[in-house]
Every structure is written in C-alpha cells, then in structure tokens.
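# I would like the atomic coordinates for the input below:
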Amino acid sequence: MPATPNYDVCVIGSGAAGGVMAKQLCEAGAKVVLLEAGQEVKHTDLRSHCMPYDMQFRGFRGEKQDPFYPADIRNTIRYHDSDDVSADRIRVLGGRTMHWNAVVLRFAEQDFRERSLSGVEEDWPIGYADVAPDYDRVERTIGVCGQDDKLEILPAGPSYLPPIPMRCSEQILKRSVNPMGLKVIPVRKAADAASRRAPGVALLRPLHGRVRCVGDLLHAGRHASQGVCHGQSDAANQRDRARDSD
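Numbering: from 1, shown residues only. Coordinates of the predicted model:
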C-alpha cells in the first residue's frame, strides 16, 4: 500500500457483514480499505477436512480450529472461582464465516412480527418482502443448494443449485414420519460456490460411502467471506486489506 493512501470508505471487520459491505462498495466504484485484526489463513492451511488419523492428537485438542483462535485471545479472559466459562472470539480474515456450517435459511414473514403474533420480542420495522430481493442476491452469490419445499415457515428463492442427496438415515427418517404429516427436507447450504468459479472443484466428495459436508466446504473455503466476497472485491481492483494487531 502507498505510504499515504486515500480511501472513500473504511470497513472494520472482514466477516459476513464486512465482507459483503466491502464487495458492494467496490462494485459501486468506491475505493475501500478493509481493516481486520486477524491473519489470513490460506485454504491449504485449513484442517477441518482432516480425518482424526491425520492429526497428532486425533482432533481431541482442538487442532481443527487452532488457526482461528490465536493464543492471545484464549488467554485474554479468565474466570476464577466460577462456573466453567470460556470466551469464543475468532480473529482471522473472514471472521466467523471461516468456520460457519454454511446452512442458509430465510426468515419467514411471521419471524418479523413476533410481538403482533405471539406477544414476544418486538416487531421488525420491515417485513419479509423488503429483504426477499437481498436473500435472492446473496443466495446466487454464494451458491446455495436446496429446493422450494412449499413451507410457509421456510420461504424459498428462485435460484437454488441441486439439493444434497439425503443419507440413508435421512431416507429412513423421511419414510417413518411422512405418515404423520411431517416433512424431512434437504438442507440448504452454501455448498457449491467454488465449483462455479473453479471448474472441477468437488466440494461434496463421497467418503466411506457418505457425503462429507463441513470438512470439504471449509477445505475449499469458498463459502466464507474470504473466498466469496473478498476475492470479488480484489477483482474489482478497488480494495486493500490492512491488518490491525491492536
């Protein structure tokens, strides 16, 4: 970066909100600096795809999540003479999207009107119709797989990728509960954004006769803010990243 750069906008934090904001601003032509306190974890350094036998302690010492939790965060907060309370704060480029489970569900219309319908919380000043176009746009951007299950409580969008096939246990559950009028539906996940940008990348690879979800998703890292939003912002040549260690 130049010694005295000038920017139109400074976005603090590179997670879901910061990543999307930086992307939108860059695409609109703004010069943006994205400020992040954590380091960048390369896709090749992610361990979530590892099997237990690939790790020294077989995953029992938190090896999979180590890249996201620097030692200074773990040791910053301590509790004495109290219940066992731990601090969960990620410091890494991409924020919580770097170990997000990638499940993407929409709020329904009634979720915006809890006070009116159930007498709890407060009604939102907006409704589902106001945010539906934003749901559509984000789902296209991150590549959500799934389907319209015709459920009022779970609105659907127009552009889903094919759903993940159900496992044997899920098929058995579906057959068992169908007579009760209950539905078992495919999950909606940001599961294929990488393959659309990098042909040949298979995110949902069969393993021992079943589908691995979170591990392979994180191995590709493309459902995270780092891979989806930051990469497109870089392509717009309008954004710089700066690390703030304080």
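# use CA for all of it now, contacts and neighbours both
Will do.
# now the strands for this protein?
Counting by DSSP state E, the chain has strands at residues 9-12, 32-36, 144-145, 189-190, 206-207, 210-211, 239-243.
# Show me this structure divided up by domain.
What automatic domain parsing lists as the domains of the chain is 1-100+224-246, 102-223.
# Now render these as CSV, adding mean neighbour count and mean pLDDT.
What follows is the domains of the chain, written out as CSV (neighbours: other C-alpha atoms under 10 Å; pLDDT from 0 to 100):
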stretch, mean neighbour count, mean pLDDT
domain 1-100+224-246, 16, 76
domain 102-223, 16, 80
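# Now do stretch 100-108: distance to the chain's middle.
9 Å (C-alpha atoms, centre = their mean, to the nearest Å).
# looking at the chain, which residue lies furthest from center?
D81 (35.8 Å; C-alpha atoms, centre = their mean).
# ok, longest helix in the chain?
helix 128-142 (DSSP state H).
# OK, contacts around R115?
Neighbouring residues of R115 by C-alpha atoms under 8 Å, 6 or more residues apart in numbering: E121, E122, D123.
# and it, how far is that from W100?
30 Å (C-alpha to C-alpha, to the nearest Å).
# My guess is P52 contacts R61. True?
No. With contact defined as C-alpha atoms under 8 Å, P52 does not count as touching R61 (11.1 Å).
# I153 and R167: what is the separation?
Distance of I153 to R167, computed by C-alpha to C-alpha: 24 Å.
# ditto for K23
Remark: distance between K23 and R167 (C-alpha to C-alpha) = 36 Å.
# residues in contact with stretch 172-188?
By C-alpha under 8 Å, 6+ apart, the surrounding residues in contact with stretch 172-188 are 103-105, 144-147, 149, 163-166, 170.
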